[in-house]
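> Below is the sequence, then the predicted model.
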Amino acid sequence: MHANKYSLILAALLVLPVAAQQSLESAYRTTGTAVVAAFEAQRQVLQTSSAVILDDRKEIAYGVVISAEGYILTKASELLEAKTLGVTVDQKNYPEAKVLMVDPTWDVALLKVEASGLVPVVYAPTSAVPQGTWVVANGVTSRLTRRLLAGIISAKPREIPASGGAALGVILNAKSKVLEVDDVNEKSGAKEAGLQKGDVILTIEGKKVANVTDIADALKERKAGTQVKLTYRRKGAETTVDVRLAARGELFTEQMNRNDQMSGDFSPHRSGFPRVIQHDILGSRTVEGGPLLDFDGHCIGMNIARANRAENFAIPVEELKELAARLMKQGGK
């Protein structure tokens, strides 16, 4: 029955006269009333099983409800500057959300709110669906009602390599004869590991590094989200720490290409994912983190990045289920 309804919409679009096709009636556009109404059943799933992530009253992301007891997955990097983290599920607000775990490889955070009786998503059996398959995700919300946007799967599942390669997240003193840290990026794994201005990097994975070329060689086969053991010297004392590698393009500002300039508000973290499914749903970076639904209202993936005006990435359901189970276990569930 679902297929018949969507086929009728598609048929209506195809039989419009040429003039009408060039200027499609607003009701029949993917954001139009006729298309949105056809997906009301999926909107109801978004209403109960997607979460709105708030910094005070400002919406900063969406989330996927994965447990009746208040466990929620969302996009981790959108939480970095949040001061007062809250969550809305359906029409109820939970003002005190806690970040239990973060997976830097997938850029996913596990949140916990004090709740019971929430409606978790139902996972789809597979993400292996044909290109052109209809999918639904969160659009801009109102205070009480989840709104939806519809689109299609637009590319085959694939890895998205880290933009610019993996990086420690430090700037070195060009005038120093040793690898002296001159600055540490606030969003980097080096910052998380405690590196400071004036520290001298000695080894990476146990191998001595004497210059920038040595560091590049040590990192060239590694991916963003993985860790390396780094030894540094500070005031005569040596310390070894695990440093999370980040995508260079996400730490240091790069010149925007024409596509970026036309893409609006894309996600700062939009590369370095082991595997994604891609869809063409229009939306801003603030609607990332929520579920991607199929015809049956089942979660086929989790929206993780708006790459540009035509590409949105989602974590496939197979990886999402594994990730949810692992973070729940590590978080004490």
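Arrived safely, thanks for sending. Residues are numbered from 1 along each chain as shown.

> what domains does the record give for the protein?
23-160+274-330, 166-250 (automatic domain parsing).

> Could you identify which of those is most buried?
Most buried of these by mean neighbour count (mean count of other Cβ atoms under 10 Å) is domain 23-160+274-330; its value is a mean of 19. All C-beta spots, glycine's among them, are computed from the backbone N, C-alpha and C.

> okay, how far is it across it, tip to tip?
52 Å (Cα to Cα, to the nearest Å).

> now do stretch 52-70
End-to-end for stretch 52-70, by Cα to Cα: 13 Å.

> Let me know the pLDDT of Ser23.
Ser23 carries a pLDDT value of 70.

> Helix or strand: which one has the nearest residue to Thr133 once chain neighbours are set aside?
Nearest residue to Thr133, sequence neighbours excluded (Cβ to Cβ, 6 or more residues apart in numbering): Ile153, at 4.6 Å. Assigning secondary structure by DSSP states H and E places Ile153 in strand 148-160.

> partners of that strand, with directions?
Here strand 148-160 is paired, per DSSP bridges, with strand 134-138 (antiparallel), strand 273-279 (antiparallel).

> Just the CA trace of stretch 190-205, in CSV.
C-alpha atoms of stretch 190-205 as CSV (Å, rounded to 0.1, in the frame of the first residue of the first chain):
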residue,chain,number,x,y,z
ALA,A,190,46.4,16.8,21.2
LYS,A,191,44.4,19.2,23.4
GLU,A,192,42.4,16.3,24.9
ALA,A,193,45.6,14.6,25.7
GLY,A,194,47.0,17.6,27.5
LEU,A,195,49.7,18.9,25.2
GLN,A,196,50.7,22.5,25.7
LYS,A,197,52.7,25.3,24.1
GLY,A,198,56.4,24.6,24.7
ASP,A,199,56.1,20.8,24.8
VAL,A,200,58.7,19.0,22.6
ILE,A,201,57.5,15.9,20.7
LEU,A,202,60.0,13.1,20.9
THR,A,203,58.4,9.9,19.5
ILE,A,204,55.2,8.6,17.8
GLU,A,205,54.4,4.9,18.3
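
> State the mean pLDDT of it.
The pLDDT scores in stretch 190-205 average 96.

> Can I take it that Ala27 is in a strand?
No - in this structure, Ala27 is helix, not part of a strand, as judged by DSSP: H, G, I helix; E, B strand; the rest coil.

> So it sits against Ala34, correct?
Yes - with contact defined as Cβ atoms under 8 Å, Ala27 and Ala34 form a contacting pair (4.4 Å).

> Name all residues that make contact with Tyr71.
65, 110-112, 328, 331, 333 (Cβ atoms under 8 Å, 6 or more residues apart in numbering).

> For it, list each beta-bridge partner.
Note on Tyr71: beta-bridge partners by DSSP bridges are Lys112.

> and what of Lys75?
Val108.

> Assign the residue most central in space within the chain to one of the three secondary structure states.
Geometric centre of the chain, nearest residue: Ile304, 2.4 Å, by Cα atoms, centre = their mean. Put simply, Ile304 is strand when judged by three-state DSSP.

> Would you mind measuring from it to Asp56?
Ile304 is 24 Å from Asp56, where distance means Cβ to Cβ, to the nearest Å.

> now swap in Asn211 and tell me
46 Å.

> which residue sits closest to Ala82, ignoring its sequence neighbours?
Asp55 (4.0 Å).

> quick one: contacts for that neighbour?
Residues counted as contacts of Asp55 (Cβ under 8 Å, 6+ apart) are 81-86.

> beta partners of it?
For Asp55, the beta-bridge partners are Lys58, Leu85 (DSSP bridges).

> Dump the domains of the chain into JSON lines; add distance to Pro268 as well.
JSON lines is the format used below for those (distance: least, Cβ to Cβ, whole Å):
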{"stretch": "domain 23-160+274-330", "distance to Pro268": "6"}
{"stretch": "domain 166-250", "distance to Pro268": "6"}
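
> between those, which one is nearest to Ser267?
domain 23-160+274-330 (4.2 Å; Cβ to Cβ).

> Secondary structure of Gly249: a helix, I assume?
Yes - checked against three-state DSSP, Gly249 lies within a helix.

> That one against Ile160, yeah?
No - Gly249 lies out of contact with Ile160 (Cβ under 8 Å); the separation is 11.3 Å.

> And the furthest pair within the contacts of Tyr71?
Val65 and Gly331 (15.1 Å).

> of all the contacts of Asp55, which comes closest to Glu40?
Taking the contacts of Asp55 together and measuring to Glu40 by Cβ to Cβ, the closest member is Gly86, at 27.4 Å.

> Is it correct that the closest one is in contact with Lys98?
No - if you go by Cβ under 8 Å, Gly86 and Lys98 don't touch, sitting 10.9 Å apart.
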